[in-house]
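1. Generate coordinates for the sequence data below:
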Amino acid sequence: MLLEPKGEINNTHLSGDLLTRLPDELLLHIFEALGQISRRHLTNVSRVNKRCHRLSDAVLYKSILFETPEFHLTFSESLSRRPRRGSSIYEVKLAYPSSELSQIALDAPVAGSYLDPKRSDSLSRTLSIMSNLEKLDISVPDVLLRGIGSLFNGPFDLACLKSCSLFYQCANNAYWDLRENIHIFAHPSLETLTIRRAKLDERGFDHLERPHMTALKKLVLIECDVNDDSLGDLLELPEALEEFAMTQLDQPDPELEQSSDNIGDYIFALQSQAEFLTSIAIDFPTLTGRRALRMRDFAALTTLRINWDYQLFGKSSKKPRLHSVGLPPILETLEFFNELGTDGEVNDLFLALIEQKRIVARTWKTMVVVESEHGVAREMKDACRQAGLQLDIIGAMDDDEDDDDDTNPDHNSTSKV
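-> Predicted coordinates:
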């Protein structure tokens with residue numbers, strides 16, 4: 001009778017030994033699977049021994065969401081007691097809802113905490129402890145603007161940061177001042193940067209010490225009011241920027257003060273990255289064009305997306321124009337977010353360009369347009385067909401009249417001519 005329980009104890013002990021013999025990498029996979037099923041169960045496992053506690057932390061704290069100002073203060077206190085835990089964090093998202101714009105929440109004391117919630121640098125000090133942080137997504141009230149900005153002033157605590165998104169909520173939906181976070185453009189390891197509703201005046205990166213070349217590959221500006229000269233100054237810092245996107249509303253609110261009204265100014269601002277950019281998207285409906293774009297220097301560009309055809313060719317002028325746009329040499333896809341043909345002279349230039357495609361744009365394969373109230377002009381469809389250019393019409397149903405061997409009947413939201 002005594003042997004049976006003894007055997008059970010030995011089996012349990014043997015099982016425990018086998019688990020402890022597993023390498024950390026395999027245990028991490030097991031803990032990650034357990035964490036997806038139940039974080040509470042994983043928390044219980046973390047109490048088994050020091051090794052399980054360390055490996056469980058790597059899963060439990062890999063991604064952190066700060067939903068309230070109070071949480072970031074209590075979490076800051078926790079990290080100050082256990083700084084090793086900060087190295088387990090790879091992704092942080094700060095997303096206070098709009099209701100948290102009130103100073104009441106930001107100034108609320110935390111019981112037993114030595115941190116002063118009125119100090120705007122408390123959050124930046126918390127983030128600096130996260131030595132392996134790779135992704136940082138910030139959407140908080142602008143009271144924290146300057147404090148978080150100091151995190152990027154260097155020397156860089158976030159040496160592993162690869163992706164960052166910045167948005168500070170301002171009263172009356174105003175634009176926040178990008179100059180307070182301008183050093184994010186000097187971050188050496190950052191590869192993807194998204195900035196929402198910021199403003200930047202003509203001073204650009206006006207610091208005496210300019211940084212070395214950075215690793216930035218993708219820059220996205222969403223509803224920003226940015227001076228084109230300053231943008232050109234900032235774009236001299238990346239070693240090889242590959243993607244650029246800029247969007248703005250049809251009726252910006254508040255009105256833009258720093259932005260240019262000419263798309264050519266922004267193309268010129270991108271000139272320093274012309275040999276590296278593979279994709280440019282400028283969804284900025286209010287921009288016009290004074291003259292045709294010259295983009296022959298954009299030697300790597302395969303995708304260009306803009307709003308209007310006259311942004312590419314320039315609006316009608318009193319003097320006749322004998323030449324058209326200079327497309328990038330290896331352009332494959334040209335997309336317009338708005339209808340074609342609103343400018344008669346531009347439409348004629350466009351048709352002439354398509355007819356000369358084999359000479360001026362040999363690699364051009366696809367043109368993407370939207371369906372207007374009157375559809376896409378027959379002459380445009382015919383020109384594309386004769387030039388061997390695929391015309392994708394977003395929002396158009398397949399039409400038997402336009403069907404030919406190239407038409408794809410499986411697409412009922414995009415008509416291919």
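
2. Quick one: end-to-end distance for stretch 305-318.
-> Taking Cα to Cα, to the nearest Å, the span from the opening residue of stretch 305-318 to its closing residue is 28 Å.

3. can you check stretch 303-318 too?
-> End-to-end distance of stretch 303-318: 31 Å, with Cα to Cα as the criterion.

4. so what's residue 135 bridging to?
-> The partner list for residue 135 in beta bridges (DSSP bridges) reads residue 91, residue 163.

5. for residue 369, that is, sorry about that
-> Beta-bridge pairing of residue 369, defined through DSSP bridges, involves residue 393.

6. Specify the residue ranges that define each domain of the chain.
-> What automatic domain parsing lists as the domains of the chain is 16-60, 62-371.

7. quick one: which of these is nearest residue 389?
-> Smallest distance to residue 389 across the domains of the chain (Cβ to Cβ): 5.9 Å, for domain 62-371. Yep, even glycine has a C-beta here, placed from its N, CA and C like the rest.

8. Quick one: the helices in the stretch 151-300 of the chain, in order.
-> When assigned using DSSP state H, counting those that start in this stretch, the helices of the stretch 151-300 of the chain occupy the ranges 228-234, 263-269.

9. quick one on the thing from earlier: by mean pLDDT, show me the worst of the domains of the chain.
-> Here these differ in mean pLDDT, and the lowest is domain 16-60 at a mean of 68.

10. could you redo the domains of the chain as CSV and give each row distance to residue 390?
-> Formatted as CSV, those follow (distance: least, Cβ to Cβ, whole Å):
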stretch, distance to residue 390
domain 16-60, 43
domain 62-371, 5
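
11. so which of those is the most packed in?
-> Mean neighbour count (mean count of other Cβ atoms under 10 Å) peaks for domain 62-371 among the domains of the chain, with a mean of 17.

12. so how far is it off the chain centroid?
-> Going by Cα atoms, centre = their mean, to the nearest Å, the spacing between the C-alpha centre of domain 62-371 and its chain's C-alpha centre is 7 Å.

13. Alpha carbons of stretch 182-196, in CSV - could you do that?
-> Taking C-alpha atoms only, stretch 182-196 is exported to CSV below (Å, rounded to 0.1, in the frame of the first residue of the first chain):
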residue,chain,number,x,y,z
ILE,A,182,11.3,66.7,-33.9
HIS,A,183,14.2,64.5,-32.7
ILE,A,184,12.1,61.4,-33.6
PHE,A,185,13.4,62.0,-37.2
ALA,A,186,17.0,61.6,-35.8
HIS,A,187,16.3,58.2,-34.2
PRO,A,188,19.0,55.8,-35.6
SER,A,189,17.1,52.5,-35.7
LEU,A,190,13.5,53.7,-36.5
GLU,A,191,12.2,52.2,-39.8
THR,A,192,8.5,53.2,-39.8
LEU,A,193,7.1,56.6,-38.6
THR,A,194,3.5,57.6,-38.7
ILE,A,195,2.5,61.2,-37.6
ARG,A,196,-1.1,62.3,-37.3
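
14. so who does the residue nearest to residue 203 when sequence neighbours are not counted touch?
-> Using Cβ to Cβ, 6 or more residues apart in numbering and skipping residues adjacent in sequence, the residue nearest residue 203 is residue 230, 6.6 Å away. Applying Cβ atoms under 8 Å, 6 or more residues apart in numbering, one finds that residue 230 lies in contact with 200-205, 258.

15. and if you look at residue 128?
-> 151, 157-158.

16. could you measure it against residue 149, distance?
-> Using Cβ to Cβ, to the nearest Å, we find residue 128 at a distance of 13 Å from residue 149.

17. ok, now residue 190?
-> Applying Cβ to Cβ, the value for residue 190 to residue 149 is 14 Å.

18. that older thread, reformat the helices of the stretch 151-300 of the chain into JSON lines and put distance to residue 310 next to each item.
-> Conversion of the helices of the stretch 151-300 of the chain to JSON lines gives the following (distance: least, Cβ to Cβ, whole Å):
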{"stretch": "helix 228-234", "distance to residue 310": "19"}
{"stretch": "helix 263-269", "distance to residue 310": "9"}
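
19. Residue 286: which of those is closest?
-> Taking Cβ to Cβ as the criterion, helix 263-269 is the member of these that comes nearest to residue 286, at 9.9 Å.

20. got the CA positions of the closest one in CSV?
-> As requested, the backbone C-alpha atoms of helix 263-269 are provided in CSV (Å, rounded to 0.1, in the frame of the first residue of the first chain):
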residue,chain,number,x,y,z
ILE,A,263,1.9,69.4,-55.3
GLY,A,264,5.2,70.1,-57.1
ASP,A,265,6.6,71.6,-53.9
TYR,A,266,6.2,68.3,-52.1
ILE,A,267,7.6,66.3,-55.0
PHE,A,268,10.7,68.6,-54.8
ALA,A,269,10.9,68.0,-51.1
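
21. Now do the SS call for residue 64.
-> In three-state terms, and counting by DSSP: H, G, I helix; E, B strand; the rest coil, residue 64 is strand.

22. Distance check, the residue nearest to it when sequence neighbours are not counted against residue 136.
-> Closest residue to residue 64 in three dimensions, ignoring its sequence neighbours and counting by Cβ to Cβ, 6+ apart: residue 92, at 5.0 Å. The span separating residue 92 from residue 136 equals 6 Å under the rule Cβ to Cβ.

23. do residue 307 as well
-> Between residue 307 and residue 136 the computed distance is 31 Å (Cβ to Cβ).

24. Please apply the same query to residue 90.
-> Spatial separation of residue 90 from residue 136 under the definition Cβ to Cβ is 10 Å.

25. now the strands for the stretch 251-400 of the chain?
-> 279-283, 303-306, 333-336, 366-370, 390-394 (DSSP state E, counting those that start in this stretch).

26. What is the third one packed up against?
-> Secondary structure elements in contact with strand 333-336, counted by 3 or more Cβ pairs under 8 Å, 6 or more residues apart in numbering; DSSP states H and E, are strand 303-306, strand 366-370.
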